[in-house]
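Novice: model this:
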Amino acid sequence: WRLANLCNVIDFLDYHETFAVLVASLAHDLGHPGVNARFLIETKHTLAMTYNDRSPLQQMSSSKLFEITKKPACGIFSVLSR
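Specialist: Purely as a prediction, here's the structure:
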């Protein structure tokens, strides 16, 4: 957020785009185990098997984000209209 403010991101993005950038930056690498996707795939790790060897780290992070935001106290998407 500090970098976004220093670069005057608000001047270039609207409210929804700024919100999306913040959520994406918070969720990026959420739950990351510290190894890369290739390692997970080659070792047949549970994450690779769960996500059928297709971007297991990104899919796991997305899944964790949506698990968290389903909780009423963390419903950050509830303020958005469809």
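Novice: Residues contacting the helix or strand bottoming out on mean pLDDT in the chain, please?
Specialist: Across the helices and strands of the chain, the lowest-confidence element by mean pLDDT, DSSP states H and E is helix 2-6, at a mean of 83. With Cβ atoms under 8 Å, 6 or more residues apart in numbering as the contact definition, helix 2-6 has outside contacts at 10, 18, 21-22. (Each C-beta comes from the backbone N, C-alpha and C, glycine too.)
Novice: Setting aside sequence-adjacent positions, which residue approaches the residue most central in space within the chain most closely?
Specialist: Most central in the chain under Cα atoms, centre = their mean is A27, positioned 3.0 Å from the mean C-alpha point. Nearest residue to A27, sequence neighbours excluded (Cβ to Cβ, 6 or more residues apart in numbering): L65, at 4.1 Å.
Novice: list the contacts for the one you found?
Specialist: L65 sits in contact with 23, 27, 30, where contact means Cβ under 8 Å, 6+ apart.
Novice: Convert whatever helix or strand it lives in to CSV, retaining C-alpha atoms only.
Specialist: Secondary-structure assignment from DSSP states H and E places L65 in helix 56-69. C-alpha atoms of helix 56-69 as CSV (Å, rounded to 0.1, in the frame of the first residue of the first chain):
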residue,chain,number,x,y,z
PRO,A,56,-1.1,-25.7,-8.0
LEU,A,57,0.4,-22.8,-6.1
GLN,A,58,-1.8,-20.1,-7.7
GLN,A,59,-4.9,-22.3,-7.4
MET,A,60,-4.2,-23.1,-3.8
SER,A,61,-3.7,-19.4,-2.9
SER,A,62,-7.0,-18.5,-4.7
SER,A,63,-8.8,-21.3,-2.9
LYS,A,64,-7.5,-20.2,0.5
LEU,A,65,-8.5,-16.6,-0.2
PHE,A,66,-12.1,-17.6,-1.0
GLU,A,67,-12.2,-19.9,2.1
ILE,A,68,-11.2,-16.9,4.3
THR,A,69,-13.6,-14.5,2.7
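Novice: Done for today, thanks.
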